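> Sequence and computational prediction follow.
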Amino acid sequence: MLSKLLQTSSSKPKQLKKIHALVLTSGLSVKNSLLTHLLENLTLVGDMCYARKVFDEMHKPRVFLWNTLFKGYVKNNLPFESVQLYKKMRDLDVRPDEFTYPFVVKAISQLGVLAPCGFAFHAHVVKHGFETLGIVATELVMMYMKFGELKSAQFLFESMQGKDLVAWNAFIAVCVQTGNSALALECYNKMCADDAVLFDSFTVVSMLSACGQLGSLEIGKEVYDRARREGIDCNIIVENARLDMFLKCGSTEEAMVLFEEMEQRNVVSWSTMIVGYAMNGDSDEALALFNMMQNQGIRPNYVTFLGVLSACSHAGLVDEGKKYFGIMARSSDKSLEPRKEHYACMVDLLGRSGLLEEAYEFIKNMPLEPDAGIWGALLGACAVHGEIKLGQKVADVLVETAPDIGAYQVLLSNIYAAAGKWHCVDKVRSKMRKLGTKKVAAYSSVEFDGQLHYFNRGDKSHPQTKAIYEKLEEVLKKIRSMGYVPQTGSVFHDVETEEKESSLSHHSEKLAIAFGLINGRVEDPIRVMKNLRTCDDCHVFAKFVSRVTSRDIIMRDKNRFHHFRNGVCSCREFW
DNA sequence: ATAGGGTTAG
């Protein structure tokens, strides 16, 4: 009778406690299955404190009850409690079984620190002979990947015997999640070559996501078409991933067609569209979608608002942005309370519009502890507006909070360079050398014929190098005669003008554009993906090129898209 | 009587 009660009352915490009291006072011999039920229901409700109380009252709980508690901690994102529980388990000499480790390893992943716990747990796993178990090994691979231990993860994954579909999918997924999409692609190809495993909708979702990251429209379409051919169920998650892939490749047209065709749309579909349109610079459409969504009774979540705020930011709509931020802050829905990312969006919005002091005040008054992302947004705005004094102040904060992120130091040095303060530039540079902060090297890529072609600055490694440079020269000559003047202000080194020009003219995005001019079809846009922000000069260059060649150029940088057509950019010079 | 994989944001 009691277990029936437990089954039906799973979502009501008060009732659960009442039943527990009843169990205790009834004097009935308490069956383990009943307690498992109780623990599981408390887990679902999220009352892990009470679950722990119930657990602690048990006399010598069997391993599976420990496991149930572990499961609860993992489900409710309480890694520290998991680790403590594991220690207790070992102190009491309770032997973990094969079910224990997947939970514990996942808890370490959630904890976010590998040493010393991660290695120690791995050692325990090996000691207990569970490393060869596919499920445990899969979790270990995910753990190492999440800690940036790519080599360890790869080694472990490759030494797994008889990998099944879930193991492959897990690895591909975690590659994408950690920004290693090229590796995900490689892995997918290997998986396809393995006759023993077939792919499923999980694989497709991760692959579409990878193609979005890489800006690989052709491969993405290929993966999807293959899924269709092989009768894989393309559910809403697959379609959402495809939607995102189109938007991340700059194809808003295809995204809109798909969005209108979709049988089902959920909050993720709408948010994907809003975020995607904001990124592509069409803020009006993004905000229109937001209104439409509400008219259709779909409740926005915090990601939707990130899209809305970034739409305002990219269009310089300060008042609109403040309005939406206010809606969030006043909402009775607790899950819509502005988070750090929203504050960062607001700082970006204010700062980019030149309201640097207001942005600074906004940070000082915010109720949450500002993180590097928020200060970074302000520093970025200082760079845009050449604001040295505030920039220095912000950079000082960032050296404290995020000394390992080179991008912030580079921003500061760029601010100095733009002001011609070369001795300050040198100081920042030498500080970076001392701290060992690395700059991320810029690169651009273009997809052609199902292949991604990568270019670094001044790259001469591409097989078509000669033709690319010739094309570049030809185009430069043509656009110079039309009034293009190299924007030498974008060179952040103290070198002579002539040298500046040649350094500029070999930026990775220019090489990529030249490659696109040689290879793509005239009617297709040239899609360039860049890992960092693009510079002023390349922006001007792309505008001219789009005019003289009558080709559309779609360029994605770290923050947003630039759609160049006939000499005009979709960003309207606001970026 | 318990275990590993997926979409928006970062």
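On my side now, so go ahead.

> all contacts plus neighbour counts: C-alpha atoms, from now on.
OK.

> Mind telling me what element A:E260 is part of?
Assessed by DSSP states H and E, A:E260 sits inside helix A:252-261.

> Which one of the residues in the stretch 451-575 of chain A is closest to DNA strand B?
A:N559 (8.1 Å; CA to the nearest atom of the strand).

> pLDDT score assigned to A:T8?
Predicted confidence (pLDDT) for A:T8: 57.

> Pull out the buried residues from the helix or strand hosting A:C538.
Per DSSP H and E: A:C538 is located in helix A:536-549. For helix A:536-549, a neighbour-count test (16 or more other CA atoms under 10 Å) marks A:D536, A:D537, A:C538, A:H539, A:V540, A:F541, A:A542, A:K543, A:F544, A:V545, A:S546, A:R547 as buried.

> now do stretch A:148-166
The neighbour-count check on stretch A:148-166 (16+ other CA under 10 Å) flags A:L150, A:A153, A:Q154, A:L156, A:F157, A:M160, A:K163, A:L165, A:V166 as buried.

> want to throw the residues you listed into TSV with secondary structure, distance to A:Y86 and pLDDT?
What follows is the buried residues of stretch A:148-166, written out as TSV (DSSP: H, G, I helix; E, B strand; the rest coil; distance: CA to CA, whole Å; pLDDT from 0 to 100):
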residue	secondary structure	distance to A:Y86	pLDDT
A:L150	helix	26	95
A:A153	helix	23	95
A:Q154	helix	27	96
A:L156	helix	24	94
A:F157	helix	25	96
A:M160	coil	26	93
A:K163	coil	28	92
A:L165	helix	30	95
A:V166	helix	26	96
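
> Point out the other helices and strands that the host helix or strand of A:Y469 packs with.
Assigned by DSSP H and E, A:Y469 belongs to helix A:465-481. Other helices and strands packing on helix A:465-481, by 3 or more CA pairs under 8 Å, 6 or more residues apart in numbering; DSSP states H and E, are helix A:508-519, helix A:536-549.

> got those as JSON lines, with mean pLDDT and distance to A:T488 columns?
Output for these, formatted as JSON lines (pLDDT from 0 to 100; distance: least, CA to CA, whole Å):
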{"stretch": "helix A:508-519", "mean pLDDT": "97", "distance to A:T488": "15"}
{"stretch": "helix A:536-549", "mean pLDDT": "96", "distance to A:T488": "7"}
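
> quick one: which of those helices is nearest A:E470?
helix A:508-519 (8.8 Å; CA to CA).

> I'd like the distance from that closest one to the chain centre, please.
27 Å (CA atoms, centre = their mean, to the nearest Å).

> Alpha carbons of the helix holding A:E260, in CSV - could you do that?
Listed next in CSV are the C-alpha coordinates belonging to helix A:252-261 (Å, rounded to 0.1, in the frame of the first residue of the first chain):
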residue,chain,number,x,y,z
THR,A,252,19.0,33.1,-43.1
GLU,A,253,17.0,32.3,-46.2
GLU,A,254,17.2,28.6,-45.8
ALA,A,255,16.6,29.0,-42.0
MET,A,256,13.4,30.9,-42.6
VAL,A,257,12.2,28.3,-45.2
LEU,A,258,12.8,25.5,-42.7
PHE,A,259,11.3,27.4,-39.8
GLU,A,260,8.1,28.0,-41.7
GLU,A,261,8.0,24.3,-42.8
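
> Now do it: everything it contacts.
Helix A:252-261 is contacted from outside by A:L243, A:D244, A:F246, A:L247, A:R265, A:S269, A:M273, A:G276, A:Y277, A:N280, using CA atoms under 8 Å, 6 or more residues apart in numbering.

> give the contact list for the fourth one.
Listed by CA under 8 Å, 6+ apart, the contact set of A:L247 reads A:G212, A:A255, A:M273, A:G276, A:Y277, A:N280.

> hmm, try it at 6 Å
By CA atoms under 6 Å, 6 or more residues apart in numbering, the contact set of A:L247 is A:G276.

> Distance check, it against DNA strand B.
9 Å (CA to the nearest atom of the strand, to the nearest Å).

> Please, which helix or strand holds that residue?
Using DSSP H and E, A:L247 falls within helix A:236-248.

> Can you pull the residues of the stretch 101-250 of chain A lying near DNA strand B?
By CA under 7 Å from any atom of the strand, the part of the stretch 101-250 of chain A that sits against DNA strand B consists of A:102-103, A:133-136, A:138-139, A:163-167, A:169-170, A:173-174, A:177, A:199-206, A:209, A:234-238, A:240-241, A:244.
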